[in-house]
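S.K.: coords please:
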Amino acid sequence: MSDPRPDTTMTSLLDLDFLWVTGKGGVGKTTIAAALAEVAARSGRRVLVCEMDAKGALATAFEVGELRFDPTEVDPGLFAMTMSTEDSLREYIRLFVKIPLLGRIGPLASTLDFVADAAPGVKEILAVGKLCYEVRERHYDLVVVDAEASGHVVSQIGAPKVIADLVHVGLVRDQTQWMLDILEDPTRTGVTVVTTPEEMPVTESIDLLERLTGETGTHPAAVVANRVLPALFTRREQPIARRLGDVVDVLERCIGPGAASVVEAGMIIEARRALGAEHLDRLREAIDRLALRADGAALPIITVPELFGRSHGRRVVSRVADCLQDEFDA
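M.R.: Sure thing, here's the model as predicted:
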């Protein structure tokens, strides 16, 4: 295991060797994973980011062609790939069983499907094992995983622990133990949970944080609150703003048609922001209650503001990376 490193600042998130990124569907998990990888690459690190569900969202984020199992360099020092169970099995057999393989391994993959139905975790451990191998061999300074959504990520990250709990001796145990040594070391591996300031994403994030370490052995490293609305008014201005709704008729007469619409839009945004702040307060209270960090430090909540605009793909990734960089530098 590597030597313990200081783990009290935001920057330490990128000092890990292995960073999993998950969150409820629709919260911007892939964009955050891509942006974290970009920030790390900007600092001179050699970075691999891997999409686990192979839906093509990571390729869209980087605006590149279809990603494959073999990493593609999408920026200097930044490589991207998508997970393939068959290719991972092929590589495992070549590296660890020492059997050369020619052509496709369809029959073996079919057998794997049959075994996986009877022993959940087999496919997951091949995928996790591939990335653990990249970490162990130090082919990259940081491996970022665009993991499954929060409803499925526990079974994904926890596959080596499940297998190790079932098999106590022999080759299978040996093959899972070195993975656990990496996954359970908080100075090397961490999980970033992405949420938005809404009821269901926050509730699902709290549930995941409660389950994560106990069921997978892997520790949370940070929470990213994505698409947080900015405050339009200071605390002193908020009571005044709330009262504007009572005088819209006067504003219409004094300023002209459209004043009421402007006030209404401001009130709607402020109401959404205030409700989102309540959900994030609930998240902070849960984090404090759970005492998630083994070193006693508070689990950081990194805020990414709502990016108003119609941009998408690589431009959004870079804008989010800029926001993250500002948080790390603060």
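S.K.: who does the strand ranked longest in the chain touch, helix- and strand-wise?
M.R.: Using DSSP state E to define each element, the chain has its longest strand at strand 220-228. Contact analysis of strand 220-228 by 3 or more Cβ pairs under 8 Å, 6 or more residues apart in numbering; DSSP states H and E lists strand 18-23, helix 29-42, strand 189-195, helix 199-216, helix 259-290, strand 301-305 as its packing neighbours. The way it works is simple: take the backbone N, C-alpha and C, and place the C-beta from them, glycine included.
S.K.: below-threshold pLDDT in the stretch 101-250 of the chain: ranges please.
M.R.: When residues are selected by pLDDT under 70, those of the stretch 101-250 of the chain lie in 101-121, 167-173.
S.K.: following element in sequence after the longest strand of the chain, please.
M.R.: helix 238-244 (DSSP states H and E).
S.K.: quick one: contacts of that next one?
M.R.: Contact partners of helix 238-244, identified using Cβ atoms under 8 Å, 6 or more residues apart in numbering, comprise 232, 233, 251, 263, 266, 267, 270.
S.K.: would you mind giving the residues you listed as TSV with neighbour count added?
M.R.: What follows is these, written out as TSV (neighbours: other Cβ atoms under 10 Å):
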residue	neighbour count
232	14
233	14
251	16
263	18
266	15
267	16
270	18
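S.K.: hmm, which of those is lowest in pLDDT?
M.R.: Within the contacts of helix 238-244, the minimum per-residue pLDDT falls on residue 251 (73).
S.K.: what helix or strand does that one sit in?
M.R.: helix 248-255.
S.K.: what residues sit buried inside that helix?
M.R.: For helix 248-255, burial by neighbour count (16 or more other Cβ atoms under 10 Å) applies to 248, 251.
S.K.: between the helices and strands packed on strand 220-228, which one is closest to residue 317.
M.R.: The closest of the helices and strands packed on strand 220-228 to residue 317 is helix 29-42. By Cβ to Cβ, the value is 4.7 Å.
S.K.: packing partners of the closest one?
M.R.: strand 18-23, strand 47-51, helix 57-62, strand 78-82, strand 142-146, strand 189-195, strand 220-228, helix 314-329.
S.K.: can you put the ones you listed in CSV and add mean neighbour count and distance to residue 201?
M.R.: Formatted as CSV, the helices and strands packed on helix 29-42 follow (neighbours: other Cβ atoms under 10 Å; distance: least, Cβ to Cβ, whole Å):
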stretch, mean neighbour count, distance to residue 201
strand 18-23, 27, 7
strand 47-51, 25, 20
helix 57-62, 22, 17
strand 78-82, 23, 25
strand 142-146, 26, 17
strand 189-195, 26, 4
strand 220-228, 23, 9
helix 314-329, 18, 17
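S.K.: can you put the ones you listed in JSON lines and add distance to residue 207?
M.R.: Below are the helices and strands packed on helix 29-42 laid out as JSON lines (distance: least, Cβ to Cβ, whole Å):
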{"stretch": "strand 18-23", "distance to residue 207": "12"}
{"stretch": "strand 47-51", "distance to residue 207": "24"}
{"stretch": "helix 57-62", "distance to residue 207": "23"}
{"stretch": "strand 78-82", "distance to residue 207": "27"}
{"stretch": "strand 142-146", "distance to residue 207": "20"}
{"stretch": "strand 189-195", "distance to residue 207": "10"}
{"stretch": "strand 220-228", "distance to residue 207": "12"}
{"stretch": "helix 314-329", "distance to residue 207": "25"}
